[in-house]
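> Provided below are the primary sequence and the corresponding predicted coordinates.
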Amino acid sequence: MMRWLALVLALASPVSAQEFTTLKGHGGPIMGIAVSPEGRVATASFDNSVGLWDSSEPQWLEGHEAAVNTVIFGPAGVISGADDFTVRGWPEGQIIAQHRGKVTSLALQGGALASGSWDGTIHLTSKTGVQVLNARDGVNAVAFGEGALFAGTSAGALMRYADGAALPLVQHGFGINELIVTSEWIAYGAVDGGTRIIDHDGAEIADVTLDRRPILAMAYHAATHQLAVGDGQGYIMMLDTRDWQISRDFRATRQGPVWALAFSPDGQTIWAGGLDDVVYGWPVEALDAFTPGISGDRSFLRDADTMSNGERQFMRKCSICHALTPGPSRKAGPTLHGVFGRAAATVPGYIYSDTLKGAGIVWTEATINALFDQGPDHYIPGSKMPMQVITGAQDRADLLSWLKSATSAHTEEGDK
Ligand code: HEC
């Protein structure tokens, strides 16, 4: 009996920051995740329910009549928005806001709740009543900051509402799905994969767009300066908001998109959801161990001045997806160790596209050169490799000569 109790207590104890965690129970994809200041996780799912998790035990909050898209913690409990056009407060499930289209996004500031909807409006709900803001197009994202309310629309406008005026801060041209607003910067992610950071006047601070689209989730942890970006291809990219460098980049789902992201209060765990019915808690620190760079540290953050041009080309354009050491890596592409002279699609354990498997290519200086002269989309149309060309012949030559030695190097360096 005591033993049994001890086991239950052990299972119920909070998970350590270094552990990989899963929350299982939803009957459909995970569309939204929120974490309370105490570390409680709430989830919004396609299965019409909101999950409120005690460690890995779910409490189901039922009442929405369609898929739940978004969830946040309010002062009185969890608040959610759904495809049934309502915003509800839990545990009772009472309707806080009634829209005429699906509710995509929620934000809270002071006593005001903003809900964005595909009906083209934002409702600002507070004790004193409801104020309806017109956004013209469907609203995908809302956020408060610097005395204003911001919204991202399906027509690609980043709107700023303040003092009774609505101003488009940016016209991105493609739908803006995600927004993070701080006092210094605004980060947004869009349908075309656009991932940009601007200041409050709309001027660009950084453009960290990769060849992945759409951007579907963003989360920010101020104390650890981490911005996490989730996309349609299942990757989570971590940016250091002090210099906007990519600090980590990893594939978080075996298939399908990353729809939901949220940090734990200490910033050590990133919770992620997508097509799977399962919520994953990734230990941020351990993600480094899963994706070793060539010298064991995050080498693509090394000072570019200390590198040859070839190494710099690799660090900037390839290292995010390719390891150089033998053995499995968690990077998106296969390791390039020993690639010269190797038939395409033959690294054991890596799952290649059928296209590359059937390509009949042997990798040599000439074929890798052609790959990036023409771009993978032309050289091997249909491969999983993203579109990318290296236009400078000298850059390609430098990359290849550096790669030749780096891919045949002994591995002690990488095993440190
Ligand atoms: C965003 C991720 C990404 C980037 C960046 C990237 N690759 Fe790849 N690469 C891949 C993927 C994914 C594959 C597997 C393609 C497939 O299965 O169709 C691949 C395959 C390859 C292959 C074939 C390997 C084999 O085992 O057959 C080579 C060679 C290669 N990449 C070289 C490079 C070089 C050189 C760069 C930098 C200039 C680069 N890649 C940049 C994702 C990437």
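That came through, no problem.
> now stretch 320-340: how far from the chain's centre is it?
Chain-centre distance of stretch 320-340: 22 Å, with Cα atoms, centre = their mean, to the nearest Å.
> is it anywhere near the ligand?
Yes - between stretch 320-340 and the ligand, judged by Cβ under 6 Å from any ligand atom, the touching residues are Ile320, Cys321, His322, Ala332, Gly333, Pro334, Leu336, Val339. Glycine gets a C-beta too; all of them are placed from N, C-alpha and C.
> residue contacts, the spatially closest residue to Gly145 that is not a sequence neighbour?
Once flanking residues are discounted, Gly145 sits nearest to Val181: 3.2 Å by Cβ to Cβ, 6 or more residues apart in numbering. Going by Cβ atoms under 8 Å, 6 or more residues apart in numbering, Val181 touches Ala143, Phe144, Gly145, Glu146, Phe150.
> apply 6 Å and report the result again.
Shown in contact with Val181 (Cβ atoms under 6 Å, 6 or more residues apart in numbering): Ala143, Gly145, Phe150.
> give me phi/psi at the second one?
Looking back up the chat, that one is Gly145. Dihedral pair for Gly145: phi 170, psi 150, per degrees, to the nearest 10.
> again, but for the first one
In this entry, Ala143 is assigned phi and psi values of phi -160, psi 140 (degrees, to the nearest 10).
> is it fair to say Ser401 lies in a helix?
Yes - secondary structure of Ser401, determined by DSSP: H, G, I helix; E, B strand; the rest coil: located in a helix.
> now it, nearest residue through space, not along the chain?
Of all residues not flanking Ser401 in the chain, Gly310 sits nearest, at 5.7 Å (Cβ to Cβ, 6+ apart).
> what kind of secondary structure is the one you found in?
Gly310 ends up helix, using three-state DSSP.
> how about it, what does it touch?
Asp398, Leu399, Ser401, Trp402.
> ok, 8 Å please
Asp398, Leu399, Leu400, Ser401, Trp402, Leu403.
> before we move on, what about Asp84?
Neighbouring residues of Asp84 by Cβ under 8 Å, 6+ apart: His64, Glu65, Ala66.
> tell me which of the residues you listed fall in strands.
The members of these all map outside strands under DSSP state E.
> that older thread, between which two of the contacts of Gly310 is the distance greatest?
Using Cβ to Cβ, the contacts of Gly310 reach their maximum pairwise distance at Asp398 and Leu403, which is 9.3 Å.
> the residues of stretch 320-340 next to the ligand into TSV, with extra columns for neighbour count, pLDDT and distance to Gln109?
Shown next, in TSV, are these (neighbours: other Cβ atoms under 10 Å; pLDDT from 0 to 100; distance: Cβ to Cβ, whole Å):
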residue	neighbour count	pLDDT	distance to Gln109
Ile320	20	71	36
Cys321	20	77	39
His322	20	86	43
Ala332	19	73	37
Gly333	17	82	42
Pro334	24	90	46
Leu336	23	95	48
Val339	21	96	52
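> flag whichever of the contacts of Val181 scores worst on pLDDT.
Lowest pLDDT among the contacts of Val181: Gly145, with 95.
> kindly state the beta-bridge partners for the residue nearest to the spatial centre of the chain.
By Cα atoms, centre = their mean, the chain has its centre lying nearest to Gly230, at 1.6 Å. In this entry, Gly230 is beta-bridged to Ala217, Ile236, by DSSP bridges.
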